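# Got a predicted structure plus its sequence, pasted below:
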Amino acid sequence: MAGPATVNKKRVAVLISGRGSNMTALIEAAKADNYPAAIVLVISNRPDAAGLAPARAEGVVTVVIDHRPFGDDRDAFERALDAELRRHHIDLVCLAGFMRLFTKNFVERWRGRMLNIHPALLPQFTGLHTHRRALAAGVKEHGATVHFVVPEMDAGPIVAQEAVPVLEGESEESLAARVLAVEHQLYPQALRLVAEGRVSASGEAAASR
Ligand code: GRF
């Protein structure tokens with residue numbers, strides 16, 4: 001809902017590929033009048049992403065940019081993505097289960113203005129299957145991290161992190177569920193910090209547009 005309260009809010013795009021539960025958590029949090037960001041755009045690279053329906057139901061503009069017609073031309077896919085972000089005057093990008101890797105070029109363009117959530121206590125367990133690997137490694141604590149995106153995967157300055165204790169006899173599913181519940185709290189908190197300018201990627205000035 002546009003109105004005076006939305007005037008100074010950062011305009012945020014959430015990029016998804018699937019379920020979109022973190023996207024929904026961000027949309028919910030951003031409904032608060034005093035939240036410093038508005039989720040104005042959801043982009044999916046998959047036409048069948050389950051998260052598209054709840055975004056539409058909340059009245060958020062959704063755009064599908066299917067990566068497949070672009071084949072190996074990652075630059076062309078990213079140009080289409082970037083054009084959409086600019087068209088909607090996006091200030092900050094939140095990756096939420098977005099399963100495409102970016103070129104250095106795209107990351108540099110959005111450096112300091114693009115966040116990701118990863119289901120592990122980075123720098124531990126970058127990549128996929130983090131819960132299974134955490135259990136196999138026998139760690140006592142697992143968790144979730146929100147970080148600024150840099151060209152290296154699952155790296156970059158950490159904005160917020162929260163630990164989850166690993167319980168005796170825990171299954172991958174139960175650990176994943178408890179981490180996900182933490183993610184849904186953590187991502188809105190981290191976006192708030194960045195949108196309010198209370199946290200920034202030091203020494204990494206945001207690219208000018
Ligand atoms: C989350 O676990 C997130 O940390 C990871 O991908 C998953 C996305 O889940 N990057 P959802 O689509 O937000 O439900």
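That came through, no problem. In this text, all values refer to a predicted model and were calculated from it rather than measured experimentally.

# Leaving out the residues flanking it, which one is nearest to the residue in the chain positioned nearest to the ligand?
In the chain, the residue that lies nearest the ligand is G97 (2.7 Å; CB to the nearest ligand atom). To be clear about C-beta, it is placed using only N, CA and C from the backbone, and glycine gets the same treatment. Excluding its sequence neighbours, the residue lying closest to G97 (CB to CB, 6 or more residues apart in numbering) is G18, at 5.1 Å.

# Please settle this for me: is the residue of the chain closest to the ligand part of a helix?
No - using DSSP: H, G, I helix; E, B strand; the rest coil, the assignment for G97 is coil, not a helix.

# That one touches A25, doesn't it?
No - assessed by CB atoms under 8 Å, G97 is found out of contact with A25, at 11.5 Å.

# The longest helix seen in the chain - contacts with which helices or strands?
Ranked by residue count under DSSP state H, the longest helix found in the chain is helix 172-195. For helix 172-195, the packing partners by 3 or more CB pairs under 8 Å, 6 or more residues apart in numbering; DSSP states H and E come out as strand 10-16, helix 21-29, strand 37-44, strand 92-95, strand 114-118, helix 130-137, strand 141-148, strand 158-165.

# Can you add mean neighbour count, distance to the ligand and mean pLDDT and give the ones you listed back as JSON lines?
Putting the helices and strands packed on helix 172-195 into JSON lines (neighbours: other CB atoms under 10 Å; distance: least, CB to the nearest ligand atom, whole Å; pLDDT from 0 to 100) gives the following:
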{"stretch": "strand 10-16", "mean neighbour count": "24", "distance to the ligand": "6", "mean pLDDT": "98"}
{"stretch": "helix 21-29", "mean neighbour count": "22", "distance to the ligand": "3", "mean pLDDT": "98"}
{"stretch": "strand 37-44", "mean neighbour count": "24", "distance to the ligand": "10", "mean pLDDT": "98"}
{"stretch": "strand 92-95", "mean neighbour count": "22", "distance to the ligand": "7", "mean pLDDT": "98"}
{"stretch": "strand 114-118", "mean neighbour count": "25", "distance to the ligand": "4", "mean pLDDT": "98"}
{"stretch": "helix 130-137", "mean neighbour count": "18", "distance to the ligand": "8", "mean pLDDT": "98"}
{"stretch": "strand 141-148", "mean neighbour count": "24", "distance to the ligand": "6", "mean pLDDT": "98"}
{"stretch": "strand 158-165", "mean neighbour count": "18", "distance to the ligand": "12", "mean pLDDT": "98"}
